[in-house]
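[1] Here is a sequence together with a model predicted from it:
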Amino acid sequence: MKRLWTILAVAGCGLALLAQTNSPVSPKPERETHILSDLLEFELESLNAVYTGNVKVNDPQMQLTCELLTARFRTNNGQVEVTGIIAETNVVIDAVDWEGRTNHATADKLVYSYSVVEGVTNQTLELSGNAWLTNYTLKFGMSAEPIIVDLVKAKVSAGRPKMTMQSGGVKSFGEEFGGKKKQPADTTTSPETPK
Amino acid sequence: MRREVMTKTNLKWTTALTATAVVLTLLWQGSEAFAPAASAQAPQTGLVEGFEATEYYPEPNHTNLRARIKAEGLNTHEGGRLLLTTMHLQVFQMDGTPTFSVKAPECIYDFTTGTASSTGKLHLASGDGRLSVEGEGFQWQQKGMTLIISNRVHTVLRGALAQKKKAKQ
């Protein structure tokens, strides 16, 4: 039972790290994000931009590559804002948090949504289609369908998660967070959805 | 017999008047749709300074400017098109706020299709400067207000991605 709780803690904290890497603790006033692609089709009235071919997103908190990226913008008090991003086909994300921990995720599709409803900000990231998350620092990997990260509440939900841990990964993580029990190597399990 | 001749004469006049009306209508529609300020003075060959073409919102907001293409110079190009130099395209919101500005060293402007295209470089910037795009080779489709950049697209977002905000629960 303790082992299951440890695994759930690893999964929850690891996904929380992924969430935090996309929303820095001390954000700079002008966060600069670069999008490179072969082609762009931009509708200047509906503010819909479609990037195709070798799409690369370079951001202070993450790097993303895919084949098709659709970005939706809006103007709010004269300022351009991103309200949604959909990345499709061979989506690969590498996100490094403020402590240098590297998260690597792959999926068929990534959907980023941002909205403010009645003063409440909603900001989520959803990975779907063969979604896989690897934390190199904590040495674990997890597949789920889908992985939903609430960037505002730092809450992660994962459907039907399956987890793989490398030797020493859980041990070092457990020690860092006060764990004492040594975990067996290369353990695969299917924990409940972390809450 | 006399009545038949009269009918033929009337038919000729009717045809001529109809053709004239069609030509005038096309000319009027063309000038209204694209409103090229310099087209009236544009000679068949040679550089002309100060080109400007405007597009307005449809009824009932037909007095509100939707887009404007300016160029420091223009020259005739094959196929009845125009070669614009130092092109500057501006897109406006309904209230007149400029939303996007597109600049290119040169492009070819086609009145009949309402498109501007070039194999050269292009720079787009939003009115607030938070979004900018550079690329090589583009086509501007006036009808759908769509810009297609076909090579080496580089977009920069400055603060346009939302920061994490703690929701008030």
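    Done, it's in.
[2] What are the buried residues along the lengthiest strand in chain A?
    If you go by DSSP state E, chain A has its longest strand at strand A:79-96. Across strand A:79-96, burial judged by 16 or more other CB atoms under 10 Å in any protein chain shown covers A:Val80, A:Glu81, A:Val82, A:Thr83, A:Ile85, A:Ile86, A:Ala87, A:Glu88, A:Val91, A:Ile93, A:Ala95, A:Val96. Bear in mind the C-beta positions are built from the backbone N, C-alpha and C, glycine included.
[3] Dump the residues you listed to JSON lines, plus distance to A:Asp108 and pLDDT.
    Listed next are the buried residues of strand A:79-96 as JSON lines, based on distance: CB to CB, whole Å; pLDDT from 0 to 100:
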{"residue": "A:Val80", "distance to A:Asp108": "29", "pLDDT": "89"}
{"residue": "A:Glu81", "distance to A:Asp108": "27", "pLDDT": "88"}
{"residue": "A:Val82", "distance to A:Asp108": "21", "pLDDT": "90"}
{"residue": "A:Thr83", "distance to A:Asp108": "22", "pLDDT": "89"}
{"residue": "A:Ile85", "distance to A:Asp108": "15", "pLDDT": "94"}
{"residue": "A:Ile86", "distance to A:Asp108": "11", "pLDDT": "97"}
{"residue": "A:Ala87", "distance to A:Asp108": "10", "pLDDT": "97"}
{"residue": "A:Glu88", "distance to A:Asp108": "7", "pLDDT": "97"}
{"residue": "A:Val91", "distance to A:Asp108": "7", "pLDDT": "96"}
{"residue": "A:Ile93", "distance to A:Asp108": "13", "pLDDT": "92"}
{"residue": "A:Ala95", "distance to A:Asp108": "18", "pLDDT": "79"}
{"residue": "A:Val96", "distance to A:Asp108": "23", "pLDDT": "68"}
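[4] now, among those, which is nearest to B:Glu78?
    A:Val80 (37.9 Å; CB to CB).
[5] picking up where we left off before, what pairs with the longest strand of chain A, and is each one parallel or antiparallel?
    Sheet pairing for strand A:79-96, assigned by DSSP bridges, gives strand A:62-76 (antiparallel), strand A:102-117 (antiparallel).
[6] Indicate which one of these is closest to B:Gly159.
    strand A:62-76 (12.0 Å).
[7] any idea of the mean pLDDT in that closest one?
    In this model, strand A:62-76 has an average pLDDT of 93.
[8] ok, and what's touching that strand?
    Residues outside strand A:62-76 that contact it (CB atoms under 8 Å, 6 or more residues apart in numbering or on different chains): A:21-22, A:35, A:37, A:47-57, A:80-96, A:110, B:93, B:99, B:131, B:160.
[9] circling back: nearest to B:Leu89 among the strands paired with strand A:79-96 would be which one?
    Nearest of these to B:Leu89, taken as CB to CB: strand A:62-76 at 17.7 Å.
[10] so where do the strands sit in the chain?
    Since no chain was named, I'll use chain A. A:32-37, A:39-43, A:48-58, A:62-76, A:79-96, A:102-117, A:120-128, A:132-135, A:140-143, A:147-150, A:155-158, A:162-165, A:188-189.
[11] try again with chain B
    For chain B, applying DSSP E gives strands covering B:48-56, B:65-77, B:81-92, B:98-110, B:115-126, B:131-141, B:146-158.
[12] which outside residues touch the fourth one?
    Residues from elsewhere that reach strand B:98-110 (CB under 8 Å, 6+ apart): A:44, A:75, B:53, B:69, B:71, B:74, B:77, B:79, B:81-93, B:115-118, B:120-127, B:138, B:140, B:147.
[13] burial count for the residue nearest to A:Lys56 when sequence neighbours are not counted?
    In space, and not counting its chain neighbours, A:Lys56 is closest to A:Leu36: 4.5 Å by CB to CB, 6 or more residues apart in numbering or on different chains. Look at A:Leu36: counted by other CB atoms under 10 Å in any protein chain shown, it has 16 neighbours.
[14] now do B:Tyr56
    Neighbours of B:Tyr56 (other CB under 10 Å): 17.
[15] what separates the closest residue to A:Asn48 other than its chain neighbours from chain B, distance-wise?
    Excluding its sequence neighbours, the residue lying closest to A:Asn48 (CB to CB, 6+ apart) is A:Arg72, at 5.8 Å. Using CB to the nearest CB, to the nearest Å, A:Arg72 is found at 11 Å from chain B.
[16] So what sits opposite A:Arg72 in the bridge?
    A:Asn48, A:Gly84.
[17] ok so, going back, out of the strands of chain A, nearest to B:Arg152?
    strand A:32-37 (8.1 Å).
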